[in-house]
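Peer 1: Dropping a prediction and its sequence here:
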Amino acid sequence: ETCQRPRWDSRLRLAPDQDNYKKNEEVMLSCPEGFQPSFTKIKCSSEVQSISHGKPVYRDPWLGRDSRGGWIHIQSDVECIEVLQVVPGTLEISSTSIKLNWTCRLPDACQRMRATCRLAGPSFPPCEAEEVKGEEMLHGQDGTFTCPPLQPFTDYSVTISLPPSTILFTWLVRTEETVPDKPEKLWLDPSTGSLRWKALPSCKGEIIGYQLNITMRSAQDGSFLEMERLRLNSSVTEYPLPEHSPSSSYVVTMQGLTAAGAGAASLWESQTNSLDPPRPLDISCRSVRDISPSQGTAVLPLRPIAPHPEVAREHQLIVAAMRSGTAVEGTCLGEPQPFNASQQPSTYVAAVLNLTAPMDFVLGNGTHGQGYHNAALRPGSDYMVLLRLVRRSQQAEKFTCVCYSFSV
């Protein structure tokens, strides 16, 4: 008597591999790597299933060996079951870690399961990565595996396996980008007048460009401040500084950019030509006239900032209820909003002026124009006011400011 080969999961491998099997002949079942049959050993046994017209009807039921070694009836088709499942949606990747949740569908098959994190390939200078010792024995039916601290923007392989060499899960993943390191070298090339730097390697993320902040102050006019914010593409390693008089001083900060943002800044200061933190630039704001605490007003003698006022006429008048060197630079670069009485902002735009010639402007007279409120000044307060001209291009923003300071 023989049994026909069972028509179960097409991925099942039978040993011996035959079309027919003898009664009680034991057959080994196996599956592709990472899968396990619901029974690993089966045999066919003839039994009386029912009586039809007074005669026994025989069927060839397959029996499977259970985990205790006994033979039991196989009630449904034997399938290749994925031993381990990594729970969808739980894979977490940051710049320094990889984490996943796993579930074992066949606990008997998951004994001595091991998870590892490894560098996916060799690393080369200047972006050498250290090998990680991420290895953990996994226990139970489910759990979480977390790789140890990793390096940003680096390829790793995460593997879960059974001894001696069965791979249940493998995943090639790159950690997220982070901000780049501080540029190492920033210097002035005296032969060209250009600021130069050493290109940053894409170790912590793809370098997509550089951000330069250039601050220029005139020794002849301490109220004058010019700040330029530029974004240059990653292939650029030099930038010509604007022409300036010998008495002007420059402070330049430069940062590398990745998709994660800007990194730490390198500093260059024209007076010392060094990478040391620059000393504060001297600030001496202009004075105002006719301060009236009772009316909350002051008169500002304004002059156009641009040498050709017909080209750039729109000047902003920014009021800040403070006075310090940091406030001047921060306010000149800032994005103040119109005055809002309910919020009482410390910094606001009081007016936008088409300034083409010198004029006296009454600050705090309560007028409204172009969406701005020239709000009354508060008695007993110290004020700094900036007359600001902003010029923007695709690559750069230039903020030129003249400061006034007074007390009401």
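Peer 2: Everything's here; your move. Given the structure is predicted, the values throughout are model-derived calculations rather than measurements. Residues are numbered from 1 along each chain as shown.

Peer 1: okay, now residue 94: neighbour count?
Peer 2: Neighbour count for residue 94, taken as other CB atoms under 10 Å: 12. C-beta here means a position set from N, CA and C on the backbone, and glycine is covered the same way.

Peer 1: What residue, apart from its backbone neighbours, is nearest it spatially?
Peer 2: Distance criterion CB to CB, 6 or more residues apart in numbering; nearest residue to residue 94, sequence neighbours excluded, is residue 176 at 5.5 Å.

Peer 1: ok now do residue 3, which residues does it touch?
Peer 2: 20, 21, 22, 23, 44, 60, 62 (CB atoms under 8 Å, 6 or more residues apart in numbering).

Peer 1: Tell me who's in contact with the residue nearest the centre of the chain.
Peer 2: Centroid-nearest residue in the chain: residue 260, 3.2 Å away (criterion: CA atoms, centre = their mean). Taking CB under 8 Å, 6+ apart, we find residue 260 in contact with 95, 176, 177, 178, 179, 204, 205.

Peer 1: just residue 95 next, same as before
Peer 2: Shown in contact with residue 95 (CB under 8 Å, 6+ apart): 152, 153, 175, 176, 177, 178, 204, 260.

Peer 1: secondary structure class for it?
Peer 2: coil (DSSP: H, G, I helix; E, B strand; the rest coil).

Peer 1: Any figure for the gap between it and residue 338?
Peer 2: Using CB to CB, to the nearest Å, residue 95 is found at 39 Å from residue 338.

Peer 1: Let me know the pLDDT of the residue of the chain positioned farthest from its centre.
Peer 2: In the chain, counting by CA atoms, centre = their mean, residue 54 sits farthest out from the average C-alpha position, at 78.1 Å. pLDDT for residue 54: 72.

Peer 1: Let me know the helix or strand that the closest residue to residue 66 other than its chain neighbours is in.
Peer 2: Leaving aside its chain neighbours, residue 66 sits nearest to residue 72 (5.4 Å; criterion: CB to CB, 6+ apart). Assigned by DSSP states H and E, residue 72 belongs to strand 71-73.

Peer 1: Tell me which residues of that strand come out buried.
Peer 2: residue 71 (16 or more other CB atoms under 10 Å).

Peer 1: which secondary structure elements does it contact?
Peer 2: Contacts defined by 3 or more CB pairs under 8 Å, 6 or more residues apart in numbering; DSSP states H and E place strand 71-73 against strand 62-65.

Peer 1: partners of the strand it packs on, with directions?
Peer 2: strand 41-44 (antiparallel), strand 71-73 (antiparallel) (DSSP bridges).

Peer 1: Identify each buried residue in it, please.
Peer 2: By neighbour count on 16+ other CB under 10 Å, the buried set for strand 62-65 is 62, 63, 64.

Peer 1: circling back to that earlier point, quick check: the two most widely separated of the contacts of residue 95?
Peer 2: Maximum pairwise distance among the contacts of residue 95 (CB to CB): 11.3 Å, between 175 and 260.

Peer 1: what about the helices in the protein?
Peer 2: In the chain, the helices defined using DSSP state H lie at 325-333.

Peer 1: Quick one: low-confidence residue ranges for it.
Peer 2: 46-52, 56-60, 244-247, 271-282, 307-312, 323-326 (pLDDT under 70).

Peer 1: isn't residue 109 right up against residue 83?
Peer 2: Yes: with contact defined as CB atoms under 8 Å, residue 109 counts as touching residue 83 (5.1 Å).

Peer 1: Among the two, which residue is more densely surrounded?
Peer 2: Using other CB under 10 Å, the more surrounded residue of residue 109 and residue 83 is residue 83, with 23 against 18.

Peer 1: can you map out the strands along the stretch 101-250 of the chain?
Peer 2: Listed in chain order, the strands of the stretch 101-250 of the chain (DSSP state E, counting those that start in this stretch) span 113-119, 134-138, 142-146, 155-162, 166-174, 186-189, 194-197, 209-218, 224-233, 238-240, 248-258.

Peer 1: Residue 147 versus residue 13, what's the distance?
Peer 2: Taking CB to CB, one finds residue 13 at 34 Å from residue 147.

Peer 1: And the two? Which one has more around it.
Peer 2: Neighbour count, other CB under 10 Å: between residue 13 and residue 147, residue 147 has more, with 23 against 12.

Peer 1: any chance you could read off phi and psi for that one?
Peer 2: In terms of degrees, to the nearest 10, the main-chain angles of residue 147 are phi -70, psi 150.
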